[in-house]
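Enquirer: Sequence plus predicted model, see below.
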Amino acid sequence: MTESFILGLTTGSACLATCGMTLVPYFVSGNTSSKRVSAGLSLFLLSRLLVYIILGAVAWYLGQALFGESTFRPYILGTFYIIFSVLLIVYAIDKGKKRGCPLSITSGIEKKFLIPVSLGIISSLSFCPAMLIAVTNSASQNNITASILVFVMFFTGTSVWFMPLPLLSMIKNRQIIKTIAMFATAIAGAIYLFRGVTTIIKSIL
Amino acid sequence: MDNILNNYKATRNIWRSILYSLPMLLITLVLMSGGDLNFKGHAELYAFTITFIFLNTCFFLMHYKGKTDLYRSVVFIVFAIFLSFSFITNMFEYRGAMTFNQADIIECNVPFCHLVIPMMIVPAALTESIIFPGSILNGFANISTMLVLWGVATIVMGRGFCSWGCFYGGWDDGFSRLIKKPVIKRIDTIWRWMPFAVLFVVVISASLTLVPTYCDWICPFKAVTEFEAVTSAESAIKAVIFFSLFAMLVIILPLLTKKRTQCTSLCPLGALNSLSNKISAFTVKIDTKRCTMCMKCVKTCKLSALTPDDVKAGRASLLCSKCGQCIDTCRQGAIQFSIRGFEAGKLIDLSRNLFIFISFLFMAIFASGSIQNGLSKILTLIIN
């Protein structure tokens, strides 16, 4: 569980670096009152949590269905960890590619209540490599509660970064912070790459 | 241009340099001998004498010749080599091997290293315990002594600790000086922010797992000090990581780039020390009136702490380790050590003399023990 929290905490910084500036205008636009900001942020985080709980249950089901009692279970999990961690590293260091934030598709929504909810749902379902690692981690658990907990911890780790969202526009050296966040994500990828390799080596030995 | 260098030659005075070096001579004599000049044998006496002469000659020349980095790096590199040599030989004497096992961890017999400091702070504040299996007060590398030395050094020198106090920095500094011209010339300055990401990840992981994760899994200097005995697949992989990172970041890349790549792109303590540059007493400033924007300082900086923007702004960046290389390189004399609060170009000599006295003294205190110890062992082998 701690691992998922660390994954969320280290990669959440990159989420914020990519999507933070898309979210800021919604939360701190013009004369938005602090009450409204808090309500919007709460709705955003609650919808994320809900999606993550559902994802945890789905991941557990997939894990059981695909490799529940299989002797190849550690090989499959190890391979998934390796693939997704490599993707995470590439995602972090591929600075030449301009990634648009998927949240920008919510710009067409008119109902104010639906905006934070849709922002929460879309940001949770972005299926970035970090999220795929969380899915693998969740699928490797033995019971559904543990699988959901993996996602709750991942949610908690990433949410730490969204709490000070309204203050983001006040940060001066945003580019440096973005760079550090991307490196932190790559390191998280390296940790899971190592985990994948050790999982396979241990099962061979 | 030569006029400026000749000006320094004209003002340098051997008697002034001797006078300036006298306090260092006395302090190092007292500190190195511990007030007792009775030596156990010839090897110890010779080791003491050689170390004493070596340190004080370098300090004298630093003042007399006006070159900071040249003489600093000599001591710094010798310090790193002898530290590893005396550390490893000590480990063989006490444990019979360079590796440590679970018993050493349980008995808190692992010598403390300053690279653990960033990972210790949060767990110490939250759990009132230290997440390192070392001794708090006993032994030759105990936790409290190292913490006090690091704390004082960073307040006074900021990241200067990385070029005057760190006993590992001399390794990549040394390899970065072995070839004349870099093979890889263009290095993206983005890499200099990597240590902050490493710091961020290791602080979080150490705080949550209560394990010094950097030391446990990443530190390249395990290769020249001590590491966990290889008894499992996990410990074997750890050993591979330590040795490959050492080969890559401490030997190969410094050779190819002429940069201290380990310090620039990995060390989490370097990142923490950089933050202390904001409050430290000494800074490096650039007199923009004298600067010709030749950018030699940018090319020569081993920590990539200077960019053209920094030069235009008249100050070194947060990442500066005050090694003095840019100051030695600048033919215009536009770059100077400065006391915080004073403008560039003011109190140049006083600032430099104060800074190098304090920093060199710190390095001498740290280095003398290791150099003496290492030399004494080598001389014992030769004499016997």
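Expert: Yep, it's here.

Enquirer: So which residues on chain A come close to chain B?
Expert: Contact residues, chain A versus chain B (CB under 8 Å from any CB of the partner chain): A:2, A:5-6, A:9-10, A:13, A:95, A:176, A:179-184, A:186-188, A:191, A:194, A:197-198, A:201-202, A:205. Bear in mind the C-beta positions are built from the backbone N, C-alpha and C, glycine included.

Enquirer: Whichever residue of chain A sits closest to chain B sits in which helix or strand?
Expert: Here chain A gets closest to chain B at one residue, A:F183, 3.3 Å apart by CB to the nearest CB. A:F183 is part of helix A:174-204 when elements are defined by DSSP states H and E.

Enquirer: Does anything pack onto that helix? Which helices or strands?
Expert: helix A:2-27, helix A:73-93, helix A:129-139, helix B:194-209, helix B:233-245 (3 or more CB pairs under 8 Å, 6 or more residues apart in numbering or on different chains; DSSP states H and E).

Enquirer: how many neighbours does the closest residue to chain A within the stretch 101-250 of chain B have?
Expert: For the stretch 101-250 of chain B, the residue closest to chain A is B:A197, as judged by CB to the nearest CB, at 3.3 Å. Look at B:A197: counted by other CB atoms under 10 Å in any protein chain shown, it has 26 neighbours.

Enquirer: buried sites along the helix holding A:F183?
Expert: A:177-197, A:199-200 (16 or more other CB atoms under 10 Å in any protein chain shown).

Enquirer: what sits against B:I339?
Expert: B:281-283, B:347, B:350-351, B:354 (CB atoms under 8 Å, 6 or more residues apart in numbering or on different chains).

Enquirer: and those residues, which are buried?
Expert: B:281-283, B:351.

Enquirer: Mind checking which of those are in helices?
Expert: Among the buried ones among the contacts of B:I339, the residues falling in helices (DSSP state H) are B:S351.

Enquirer: Tell me which two in the buried ones among the contacts of B:I339 are the farthest apart.
Expert: B:A281 and B:S351 (9.9 Å; CB to CB).

Enquirer: Just give me the least confident of the contacts of B:I339.
Expert: pLDDT across the contacts of B:I339 is lowest for B:L347, at 83.

Enquirer: which residues touch it?
Expert: Neighbouring residues of B:L347 by CB under 8 Å, 6+ apart: B:338-339.

Enquirer: State the distance from it to B:L37.
Expert: Going from B:L347 to B:L37 by CB to CB, to the nearest Å gives 38 Å.

Enquirer: Tell me the pLDDT of the residue nearest to the spatial centre of chain B.
Expert: What sits nearest the mean C-alpha location of chain B, by CA atoms, centre = their mean, is B:C166, with 2.9 Å. On pLDDT, B:C166 comes in at 91.

Enquirer: Repeat that for A:S13.
Expert: The predicted local confidence for A:S13 is 72.

Enquirer: my guess is it meets A:A186, correct?
Expert: No - using CB atoms under 8 Å, A:S13 makes no contact with A:A186, being 11.5 Å away.

Enquirer: what's the spacing between B:I53 and chain A?
Expert: From B:I53 across to chain A, the span is 45 Å (CB to the nearest CB, to the nearest Å).

Enquirer: In terms of helices and strands, where is that residue?
Expert: Under the criterion of DSSP H and E, B:I53 resides in helix B:42-65.

Enquirer: what helices or strands is the helix or strand just after that helix leaning on?
Expert: For helix B:42-65, the following helix or strand on the C-terminal side (DSSP H and E) is helix B:69-94. Packed against helix B:69-94, as judged by 3+ CB pairs under 8 Å, 6+ apart, are the following elements: helix B:42-65, helix B:161-164, helix B:169-175, helix B:325-329, helix B:348-383.

Enquirer: rewinding a little: who's in contact with the residue of the stretch 101-250 of chain B closest to chain A?
Expert: A:180-184, A:186-187.

Enquirer: ok so, going back, most packed of the helices and strands packed on helix A:174-204?
Expert: Among the helices and strands packed on helix A:174-204, the stretch with the highest mean neighbour count (mean count of other CB atoms under 10 Å in any protein chain shown) is helix A:129-139, at a mean of 25.

Enquirer: does the nearest residue to A:S147 once chain neighbours are set aside count as helix, strand or coil?
Expert: With sequence-adjacent residues excluded and distances taken as CB to CB, 6 or more residues apart in numbering or on different chains, A:S147 is closest to A:W60, at 3.4 Å. With DSSP: H, G, I helix; E, B strand; the rest coil as the basis, A:W60 sits in helix.

Enquirer: now A:W60: how far from A:V135?
Expert: Counting by CB to CB, the gap from A:W60 to A:V135 is 10 Å.

Enquirer: Likewise for B:V224?
Expert: For B:V224, the distance to A:V135 - CB to CB - is 41 Å.

Enquirer: which residues touch the spatially most central residue of chain A?
Expert: With distances taken as CA atoms, centre = their mean, A:M131 lies nearest the centre of chain A, 4.7 Å away. Contact partners of A:M131, counting by CB under 8 Å, 6+ apart, are A:124, A:154.

Enquirer: Retrieve the pLDDT associated with it.
Expert: Confidence score, pLDDT, at A:M131: 83.

Enquirer: right, so the helices and strands packed on helix B:69-94: which one is the most enclosed?
Expert: Of all the helices and strands packed on helix B:69-94, helix B:161-164 carries the top mean neighbour count, a mean of 28, counting by mean count of other CB under 10 Å.

Enquirer: Give me the helices and strands touching that helix, please.
Expert: helix B:69-94, helix B:143-157, helix B:169-175, helix B:268-276, helix B:348-383.

Enquirer: ok, back up a step: just give me the closest of the buried ones among the contacts of B:I339 to chain A.
Expert: Nearest to chain A among the buried ones among the contacts of B:I339, with distances taken as CB to the nearest CB, is B:T283, at 18.9 Å.

Enquirer: which residue sits closest to that closest one in space, ignoring its chain neighbours?
Expert: Ranked by CB to CB, 6+ apart and with sequence neighbours excluded, the top spatial neighbour of B:T283 is B:S338, at 5.1 Å.

Enquirer: For that neighbour, give me the backbone phi and psi.
Expert: phi -140, psi 150 (degrees, to the nearest 10).

Enquirer: Thought B:V284 was touching it, still the case?
Expert: Yes - counting by CB under 8 Å, B:V284 is a contact partner of B:S338 at 6.9 Å.

Enquirer: The two: who's more crowded?
Expert: Taking other CB under 10 Å, B:S338 and B:V284 do not tie; B:V284 has more neighbours (28 against 25).

Enquirer: quick one: that one and chain A, what's the gap?
Expert: In this structure, B:V284 and chain A are 20 Å apart, going by CB to the nearest CB.

Enquirer: What's opposite that residue in the beta bridge?
Expert: B:F337 (DSSP bridges).

Enquirer: from memory it sits against B:A334, does it?
Expert: No - with contacts counted by CB under 8 Å, B:V284 stays clear of B:A334, the gap being 11.1 Å.

Enquirer: Thank you kindly, that will do.
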